[in-house]
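>>> everything below, folded, please.
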Amino acid sequence: MPTTTPISKLTRGQLVALAASGHLSLVNGKITRTEKASRAGARSATRERREAVLSDVTDFFGTVRGQASRFWSVKPTSGNSASAPGIISFVSASREDILWSLKRLETDGLARQIGVLRGQIVEASAVNNFQRRWVHSVPAVEDEISDDQ
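Numbers count the residues shown, from 1 in each chain. Predicted coordinates for the structure are as follows:
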């Protein structure tokens, strides 16, 4: 139950709940936030930031540009047929947050990892992390334009 509300603005019930959970303590007669509260706040901020990045990566994957490449890397890569554009070039976020988002998309069945070894696509488990790429699990839908429009 982390909160950023100033201690002076908390109700008695909130003070009791935060103290019982170890987020507040009494130091020299003054109520202060504990290290546990700081860590909880940092986790909450990370979770919010990553959810925003997940939204951005999901939106990017749904665009024409996001669907254009056969496979993607987190950062741009080079070297023969293993080169792949980097999502980090299109989504403003850290490598770790983009990777977390891609793994969430993988869990949701919208993306999957592949390996690229000597120009051949192989199972991701057969390669190291630098040879892994991400592909869409759902193929792109071609825009259909009817003659009526």
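>>> determine the longest strand present in the protein.
strand 111-117 (DSSP state E).
>>> parallel or antiparallel, list what pairs with it.
Strand 111-117 pairs in its sheet with strand 120-122 (antiparallel), strand 132-136 (antiparallel), by DSSP bridges.
>>> nearest to Arg12, of those?
strand 132-136 (50.2 Å; Cβ to Cβ). For the C-beta atoms, the positions are set from N, CA and C on the backbone; glycine is no exception.
>>> buried set for the closest one?
Neighbour-count burial for strand 132-136, with 16 or more other Cβ atoms under 10 Å as criterion, is recorded at Arg132, Arg133, Trp134, His136.
>>> nearest to Leu24 among the residues you listed?
After measuring those against Leu24 - Cβ to Cβ - the closest member comes out as Trp134, at 43.0 Å.
>>> I figured that closest one hits Leu102, correct?
Yes - at 5.2 Å, Trp134 counts as touching Leu102 under the criterion of Cβ atoms under 8 Å.
>>> show me what whichever helix in the chain runs longest is packed up against.
Looking across the chain with DSSP state H, the single longest helix is helix 35-62. If contacts are counted by 3 or more Cβ pairs under 8 Å, 6 or more residues apart in numbering; DSSP states H and E, helix 35-62 sits against helix 95-107.
>>> tilt between the helix it packs on and strand 132-136?
50 degrees (axes from the mean of the first three to the mean of the last three Cα atoms, to 10 degrees).
>>> and the residue nearest the centre of the protein?
Ser101 (2.9 Å; Cα atoms, centre = their mean).
>>> what's the distance between that one and Arg33?
30 Å (Cβ to Cβ, to the nearest Å).
>>> next one: the helix or strand bottoming out on mean pLDDT in the chain to chain centre, how far?
Across the helices and strands of the chain, the lowest-confidence element by mean pLDDT, DSSP states H and E is helix 64-68, at a mean of 76. Counting by Cα atoms, centre = their mean, to the nearest Å, helix 64-68 is centred 19 Å from the centre of its parent chain.
>>> give me the buried positions along that helix.
Gly66.
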